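Enquirer: no FASTA, just this:
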């Protein structure tokens, strides 16, 4: 069974701070996705990474896929209150996705 | 593109009752997925359809859970004889896939509370 772990589970920071959250697994994935979910809504895709070592940037968000395609990180620069939400990673094996438990981020003004 | 819609958004039921949820995917999307999400956890995959064919159902939580997509468009998820442990958010997602995996678009979910 493929499992994804995410750390930290909770993170509360002040506006303007930088942060990194992690997604780890003992399994290799063909692709890895990051989502953000707000209360009462479904997850919204932020990025998909498919190549080991790949780095993608989305404004203040930087995503990295590990060389072995088993782990990933999400770095947010100068966090804003609008970044508050549940950040989920999901690993794909070609048929379906396995989600991690998420990191709940709170950015305080 | 009106997005994925789910109905109802909230359902409160008594233990032992049957419930049915509906998901309307994005038009022309050929894949439809069902997930369950409990508090503090990520979505847990339940089943998915490629058009009207249910390609994976071994992860349905018990034989009380069943899903259909009779015409390859909307889908329903039924839970029979509900239990308090079934209380969760039930998410639907759809994607357009041609070999490999396409991007999944999630609906807002149906929150089930079993009293």
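Expert: Okay, I see it. If you're wondering where the values come from, they're calculated on a predicted model, not measured in any experiment. Numbering: from 1, shown residues only, chains lettered A, B, ... in the order given.
Enquirer: CA only for contacts and neighbour counts going forward, please
Expert: Fine.
Enquirer: can you confirm residue B:77 is in a helix?
Expert: No. Remark: residue B:77 does not belong to a helix; assigned using DSSP: H, G, I helix; E, B strand; the rest coil, it is strand.
Enquirer: Now for it, how many residues are close by?
Expert: When counting by other Cα atoms under 10 Å in any protein chain shown, one arrives at 19 neighbours for residue B:77.
Enquirer: ok, what's across the strand from it?
Expert: Beta-bridge partners for residue B:77, by DSSP bridges, are residue B:21, residue B:67.
Enquirer: mind listing what residue 88 touches?
Expert: With no chain named, the answer covers chain A. Residue A:88 makes contacts with A:34, A:35, A:36, A:37, A:43, A:99, A:100, A:101, A:102, A:103, B:42, as judged by Cα atoms under 8 Å, 6 or more residues apart in numbering or on different chains.
Enquirer: oops, chain B please
Expert: Counting by Cα under 8 Å, 6+ apart, residue B:88 has contacts B:36, B:37, B:38, B:39, B:111, B:112, B:113.
Enquirer: got a pLDDT number for the nearest residue to the fourth one once chain neighbours are set aside?
Expert: Once its chain neighbours are removed from consideration, residue B:39 has its nearest residue in residue B:88; the separation is 7.2 Å (Cα to Cα, 6 or more residues apart in numbering or on different chains). Residue B:88 is assigned 96 on the pLDDT scale.
Enquirer: Pull the contacting residues for residue A:7.
Expert: A:21, A:22, A:23, A:102, A:103.
Enquirer: how far away is the second one from chain B?
Expert: For residue A:22, the distance to chain B (Cα to the nearest Cα, to the nearest Å) stands at 15 Å.
Enquirer: tell me the contacts of that residue?
Expert: Residue A:22 neighbours (Cα under 8 Å, 6+ apart): A:6, A:7, A:8, A:71, A:72, A:73, A:74.
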